[in-house]
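*Asks:* based on what follows, work out the 3D shape:
(chains A and B)
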2 protein chains.
Amino acid sequence: MRMPLNPNSTQPLYRQIHGYLRQSILSQSLPPNTRLPATRQLAKDLGVSRITVENAYADLVADGLASTQVGSGTFVLPPYTINNPKASHEPWPLWQHEFACVPLELCEQVSSSCHPRQISFAEGSADPSLFPIDEFRRTMASVMRQAPHASLDYGEPRGFLGLRTNIAHILSSQGIMIPPTNVLITVGSQQAITLVIQVLLKPGDVILVESPTYGKALELFSAFHLKVVSIPIDKDGMKTELLEGILQAYHPKLIYTIPNFQNPSGASLSGRRRRELVSLASRYNVPILEDDFVGDLRYDGCAQPALKSLDTSGGVIYVGTFSKMLMPGLRIGFVVAEGPIYGALVKRKYVQDLATPNLVQHALDAYVSIGRYQTHLRRSCRVYRKRRDAMAQAIGRYLPQVDVDIPQGGLFMWLRLPQELTATELLPLAWKEGIDFALGENYCADGSGSNYLRLNFAALSVEEIEEGIRRLGVTLAKLQKLS
Amino acid sequence: MRMPLNPNSTQPLYRQIHGYLRQSILSQSLPPNTRLPATRQLAKDLGVSRITVENAYADLVADGLASTQVGSGTFVLPPYTINNPKASHEPWPLWQHEFACVPLELCEQVSSSCHPRQISFAEGSADPSLFPIDEFRRTMASVMRQAPHASLDYGEPRGFLGLRTNIAHILSSQGIMIPPTNVLITVGSQQAITLVIQVLLKPGDVILVESPTYGKALELFSAFHLKVVSIPIDKDGMKTELLEGILQAYHPKLIYTIPNFQNPSGASLSGRRRRELVSLASRYNVPILEDDFVGDLRYDGCAQPALKSLDTSGGVIYVGTFSKMLMPGLRIGFVVAEGPIYGALVKRKYVQDLATPNLVQHALDAYVSIGRYQTHLRRSCRVYRKRRDAMAQAIGRYLPQVDVDIPQGGLFMWLRLPQELTATELLPLAWKEGIDFALGENYCADGSGSNYLRLNFAALSVEEIEEGIRRLGVTLAKLQKLS
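*Replies:* Residues are numbered from 1 along each chain as shown, chains lettered A, B, ... in the order given. Next up is the predicted model:
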C-alpha cells in the first residue's frame, strides 16, 4: 500500500498515515472487512518505523473505524451511516412505536382556495404591521451597543430585572400592586400557562375552564392528560352562579379563566362575577389562573379590576403577554404569583430552559420604558376600535341571520350560525370565496361549538373586513339554500 | 354630594358621575360600606335626571365597586387590594402549603469573598467576549430591515427553516446526514432535553446517566421524579463494559450521555465504546439521548463519529446548542430525531410554548450561513487550546498533588483532590483567596464526587488561569496543613 507522506510536515508521520487511512475508510475506497496491511509490511512500504504504523492503527481503532484481532490483523469495520442515510423501509426501534399515531399537523386548517384575493379572519393575533419596527430596530441596536454582554449572557432565571420592573409598573396601572420579585418572564404566555399546569396539576386532575375557551390551552391540558370540566359563559363572562355546584361536584385543582375580551367569545366578566369567582375559589381552596392576554386592548366601557387585584391572599396567578399587542415573534410573556408557588414556578422554568432569551428582554425593556408602549397601545386601540365597528356594521348588513355580542375590546367576534347550520359545513364553501375563519368546535372541550365561528377583526383593514363579511354573507346564503 | 360635571363634554353625564364616584371609591375618599346618596337626592344636587344617576350607579355595581340592596340603597364595597398590598402576616391559601419548601436559591453558590481580584473557574460557558458582537449587531439590523415581519411573527413551530437547513449542513460535517425536517429548534439545549424527557419518560421511570454528568440535567431529572442510575466513566468515557449488566438490572427507559468533552469530566468516549453503546442500546430497545454541547470545540486528537451517525435505525436522539460556542443569551438549541418521535417532540414543544423566538433565529441563520460560524469556531479553538494548555501547565506546577486527565477539547477540567480532602472544605478557603470553582458533588447523582472539583479553562485569560491556579495551589496547601 502506498500513500503520500510528507516528512517535512509539522504533522507527525503516524498522524499522516492515520489521516490517509481514515479518509480511505470513510470514502469506502477501503471497504468494510478489508484486512489492513501487516504493520511490518506497511512500515517497510512507506519507509517508516513499525511503531509509527502501530500508532496510526491504534488511532483508527480508537476512532471506531478498525478493529484489531490478536493473531489475525487489523480490519476495517462496517461504514458509518455517513454514506448510508436510513433506508425508508427499515423498521423504527420498538420504543418508537407508541408515537406512530402522533400527527405532525400543527397548524390550524388552512384555506386551500385559489381565490385571487384571500381574506383570513382566522388569525390569533393583532395586526403586526402596526408595530413600529424601525423604532424597535433602533432600540435593539442601541441595546446591543450599550450592554452587549449583559444582553447576550444567560441573564437571571426569572427574567431581566429591568423588564420585570417595567411589567410591575404596567400592572400597577391595572390595580395589580406587586413588586418585580413576583414577576417571572416566560417564552410567551403559553409557557407561563404550561409552568402553572406543571407545578399545580398531575395527570388525571380536573381543571375547570370556560366553554368556549382558548383552543391552545385545551390542547395543552390534553397533552398533560388533565380532565377538563367546562362552565358556560354568556356576554358577562363565566356564569359564576353555576360555579359552586361545579366546584362541589368535580373538585377541580385549578380554574382557568380569561376575564377580559375572552378568546374566542370576546366576553368580559362583570365586576360582580369577578368578586364571586375570587370569593368562591378562595372558599373552596382552588387557585385561579387568570389569563389576561389582551386586557389592555379596551375600546369602550370601563376597565374591570383584574381578578389578581381582587385577591388578597395569593390565590390568583396572573398571566400576561406582549405577543398579541406587540409582535408575536418576540415570545415574551410573564406570570405573576405570590406566595410559595412563585419559587416553584421559577425553579421549574429554570430546570426546563434555564432562562428566556435575554437580548429580546433587554430590547423590549428599553422600548417599553420610555413610554413607547403606552403610545403604541393608544394608537392600536384607535385602529382596532374602528375595525371592530366596521365588522359589527358589516355583520348587521351582510349576516343578519347570525347571533353576535359586540365585544368591548380584544381581537375576536364569536358568531353563532342559525341553529341548523354548522361552521364545518360553512368553511369549505367560504374557502371557495377566499375566506378563512376559525371553527368554533376548536374552542370547546365538551364537543359543543359546532355552530359557532371565531372572526378576528383586529388583523385586517376596514376595507378587507367589509369585503370579507360581504363574501361570508354570500357563502352563508348559499349554505342555507343547500340545507 | 357635589362633583364637577361638564355638560359640554362628549362624555355622557352618567359616565362622568360614574367616573367621579369610581375614583373616589378607589382612592378611599368614599370608604367601604359608605351609603351612596339616594338617586333622587343626587339627581337634585347635580341638576340631572334621576335615570342618569341610576345608570351611573348601575355601572359602579357592574364594576364590582358598589352593591345595591333593595330597599336600603347603594353601598361602597370593601376596597380592592390596590391600596392594600398583601400584609405579610396573612396566611397563604391551603393549596400553596405544599410549595413552602421550594427554595428560591437558583444560582450555584457564589463567592462571598472581598478579594480585590476575583477569578472564577465556576462558569458553565465559553468566553462570550470572543463573540463578534458588532458583526452580530449588524446582522440583526439587516435581518430586521430585510424581513421585519417574517422575523417578528410566530414563525414555524419547529423553527425557522433557514436555520434548520444551516444546522443540517453543520451536522453533515460531523457525519450526521439528516434533512432539516428532522431538526427541531428549541430554547437552548436544556429545553431540548426537557422535551425528550417529557415525551419518553413518566415519573418513576429509570434514566441511565454517566457519573459524573451535567448537573442541570440531574436537576431536571429530579424535577420530573425520575430514578437516576449511574454508570461510571474513565478517561475514555462511559465504561460500556458495565452497560449490559446495568441494562439488565435496571431496565432504563433512556440513556443520557455526553460523548464529547463531557461535562464535567472532559472525557471523550472512544470509538470502540461508541459502537458498543449504540449496539447495546439497540439490542435492549433503549433510546439514547446524545448531548453534544461542545462537540465542535476540539483542540487535538481525531473527531469521533457522533452516536447519531453510528445509528441506522432512529434509536439515537441528538441535542446540540449554540449557547456554549456563541452567546448563552441567544438561547438557541436544537434536537435531531428520526422516526415517529420527531412529531411527538414538535407537538410537545408547540403546545408548551408555540415556538422559539423567531427574530434571534433569523439573525443567527444570517450569521451562520455566510461562513462566520466556521471562522468563529476556528478562532475560538485556537484561543481555548492555549488556555487549556496554560491550565494543564499551571496545574503541573502549582497543584502537583491533584489527579487530572487533560481533555482534548471542550471547556472543563475535572480535578481529583488527594483522597482525604473534599472540595466542600476547599471552597470557603478558596473564596478567601478570591477563587471560585464548581463542586464535584453537584455532578453526581449517587452522592459521590465530593473530592472532585470542576474548573472552566475557556472563559479566562491565560494570565488569569496562571494566577488562579497558583492561588488554588496555595489554598490546597493550607487545607492539607489543616487536615
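
*Asks:* CA atoms for contacts and neighbours, from now on please.
*Replies:* OK.

*Asks:* which phi and psi does residue A:152 have?
*Replies:* phi -110, psi 0 (degrees, to the nearest 10).

*Asks:* just the closest residue of the stretch 1-150 of chain A to chain B, please.
*Replies:* For the stretch 1-150 of chain A, the nearest residue to chain B under the criterion CA to the nearest CA is residue A:64, separated by 3.8 Å.

*Asks:* residues near that residue, how many?
*Replies:* Neighbour count for residue A:64, taken as other CA atoms under 10 Å in any protein chain shown: 24.

*Asks:* also residue A:482?
*Replies:* Counted with other CA under 10 Å, the burial measure for residue A:482 works out to 7 neighbours.

*Asks:* equivalent analysis for residue A:442, please.
*Replies:* Neighbourhood size, residue A:442 [other CA under 10 Å]: 23.

*Asks:* what's the separation between the nearest residue to it once chain neighbours are set aside and chain B?
*Replies:* For residue A:442, the nearest residue in space outside its immediate sequence neighbours is residue A:215; the separation is 5.6 Å by CA to CA, 6 or more residues apart in numbering or on different chains. Distance of residue A:215 to chain B, given as CA to the nearest CA, to the nearest Å: 10 Å.

*Asks:* one step back: in contact with the nearest residue to the residue of the stretch 1-150 of chain A closest to chain B once chain neighbours are set aside, which residues?
*Replies:* In space, and not counting its chain neighbours, residue A:64 is closest to residue B:271: 3.8 Å by CA to CA, 6+ apart. With contacts taken as CA atoms under 8 Å, 6 or more residues apart in numbering or on different chains, residue B:271 has the following neighbours: A:61-65, B:304-305.

*Asks:* if we can go back for a sec, please look at the residue nearest to residue A:442 and residue A:438 and confirm they touch.
*Replies:* No - between residue A:215 and residue A:438 no contact is recorded; they are 10.2 Å apart, counting by CA atoms under 8 Å.

*Asks:* neighbour count winner among the two?
*Replies:* Legend: neighbour count by other CA under 10 Å for residue A:215 and residue A:438, higher for residue A:438 (25 against 17).

*Asks:* next up, phi/psi of the more buried one, please.
*Replies:* Geometry field for residue A:438 lists phi and psi as phi -100, psi 140, criterion degrees, to the nearest 10.

*Asks:* what of residue A:265?
*Replies:* Residue A:265 has phi and psi values of phi -80, psi -20 when expressed as degrees, to the nearest 10.

*Asks:* in the sheet, who's paired with the residue lying closest to it once chain neighbours are set aside?
*Replies:* Nearest-residue entry for residue A:265: residue A:414, 4.9 Å, with adjacent residues in sequence omitted and distances by CA to CA, 6+ apart. The residues listed as beta-bridge partners of residue A:414 by DSSP bridges are residue A:454.

*Asks:* surely residue A:414 and residue A:262 touch.
*Replies:* No - taking CA under 8 Å as the contact criterion, residue A:414 and residue A:262 are not neighbours in contact, 9.9 Å apart.

*Asks:* so which of the contacts of residue B:271 sit within strands?
*Replies:* Among the contacts of residue B:271, the subset assigned to strands under DSSP state E is empty.

*Asks:* relative to residue A:319, which of these is nearest.
*Replies:* Each of those was checked against residue A:319 using CA to CA; the closest is residue B:305, at 45.1 Å.

*Asks:* ok, that closest one - contacts?
*Replies:* Counting by CA under 8 Å, 6+ apart, residue B:305 makes contact with A:63-64, B:174-175, B:271.

*Asks:* just residue A:285 next, same as before
*Replies:* If a contact means CA under 8 Å, 6+ apart, then residue A:285 has B:93-95 as its contacts.

*Asks:* tell me if it really is in a strand.
*Replies:* No - in this structure, residue A:285 is coil, not part of a strand, as judged by DSSP: H, G, I helix; E, B strand; the rest coil.
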